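Colleague: Here is the input, now give the coordinates:
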Amino acid sequence: MRRLPPHRVNEDRNPRTRRTPMSAAVAGKIVLVSILLACPLLKAEPVRKGTPARTGEEARFSRSVTRVNVPGLSVTDQDGRAVSLAELLDPREPVVVNFFFASCASICPVMTATLAQMREQLGREGRNLRTVSITIDPDQDTPDVLKSYAGRFSAGPGWKFVTADSAAIETIQKAFGAFAGGKFNHRALYYFRPARSDTWVRIEGLAGSTDLAAEARGVLEGAVANR
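Modeller: Have a look, this model is predicted:
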């Protein structure tokens, strides 16, 4: 019997099942795909204030300049004292305002904690900056509730938590362009105003305490930059 050459011993003699050698081009593509799959996914860095968003990214917050006609309504603070909102937001002093409600379990505690961190970062530099947090749930947020809530975040002097009747709260929200139809639809909003000015910086979104401190320093210097 004639023997096959050694290099053909393991070759499949059936032409239907015989394997064709892989080309170098195909092999190269397989290697490239394997490398790409093995690489970790790239995570987009958060967009910071003053940094334009790249394609496919979203900024953490937006900044705009607006004017607010503060209504002359009465509000009540966490100590049960009634005061005019216009007096509380005294135009002779720099101020920051936000809207929240005490039973909120989503963005409100984040916003309040961020304001607390902002105030801590400013230290003595921010002693003249008045902070006013206005509830949008006046039926539940009594002065006692507000006082307890303020205590959770170690809110010190210069930080007021206020409530009013439902109609007044809605009017105040509309004056700031913050009314969204109900407490569960509200947005993360902060408003900064320098002393002796009716121009406010509106921050929408989950800005960090460093971002808010930068805005606070601007209004403390008496300026609102259109950046």
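Colleague: For Ala105, what is the enclosing helix or strand?
Modeller: Using DSSP states H and E, Ala105 maps to neither a helix nor a strand.
Colleague: That one and Phe184, how far apart?
Modeller: Noted for Ala105: a distance of 11 Å to Phe184, by C-beta to C-beta, to the nearest Å. Where you see a C-beta, it was placed from the backbone N, CA and C, and this is true even at glycine.
Colleague: How about the contacts made by Ser154?
Modeller: Ala116 (C-beta atoms under 8 Å, 6 or more residues apart in numbering).
Colleague: Any regions of the protein where pLDDT drops low?
Modeller: Scanning the chain for pLDDT under 70 picks out the ranges 1-59, 223-227.
Colleague: ok, now which ones touch Pro91?
Modeller: Arg193, Ala195, Arg196, Ser197, Asp198.
Colleague: One more: Arg92?
Modeller: Counting by C-beta under 8 Å, 6+ apart, Arg92 touches Ala195, Arg196.
Colleague: just to revisit the earlier point, quick one: which of Ala105 and Phe184 has more around it?
Modeller: In terms of neighbours (other C-beta atoms under 10 Å), Phe184 is the more surrounded of Ala105 and Phe184; the figures are 11 against 6.
Colleague: Whichever strand or helix holds Ala213 - contacts with which helices or strands?
Modeller: According to DSSP H and E, Ala213 maps onto helix 209-220. Contacts defined by 3 or more C-beta pairs under 8 Å, 6 or more residues apart in numbering; DSSP states H and E place helix 209-220 against strand 95-100, helix 107-122, strand 189-193, strand 199-205.
Colleague: For the longest one, which outside residues touch it?
Modeller: The set of residues that contact helix 107-122 without belonging to it, under C-beta under 8 Å, 6+ apart, is 96, 98, 100-102, 126, 129, 131, 133, 149, 153-156, 158-159, 186, 188, 190, 206-210, 212-213, 216-217.
Colleague: May I see the buried residues of it?
Modeller: Ile107, Cys108, Met111, Thr112, Thr114, Leu115, Ala116, Gln117, Met118, Arg119, Gln121, Leu122 (16 or more other C-beta atoms under 10 Å).
Colleague: how far away is the fifth one from Lys183?
Modeller: Thr114 is 19 Å from Lys183, where distance means C-beta to C-beta.
Colleague: same question, the first one
Modeller: Using C-beta to C-beta, one gets 11 Å for the distance from Ile107 to Lys183.
Colleague: Same question for the fourth one.
Modeller: Here the criterion is C-beta to C-beta. By it, Thr112 lies 15 Å from Lys183.
Colleague: Quickly list what the closest residue to Ala164 other than its chain neighbours is bridged to.
Modeller: The shortest distance from Ala164 to any non-neighbouring residue, by C-beta to C-beta, 6 or more residues apart in numbering, is to Val75 (4.5 Å). With DSSP bridges as the criterion, Val75 is bridged to Val83.
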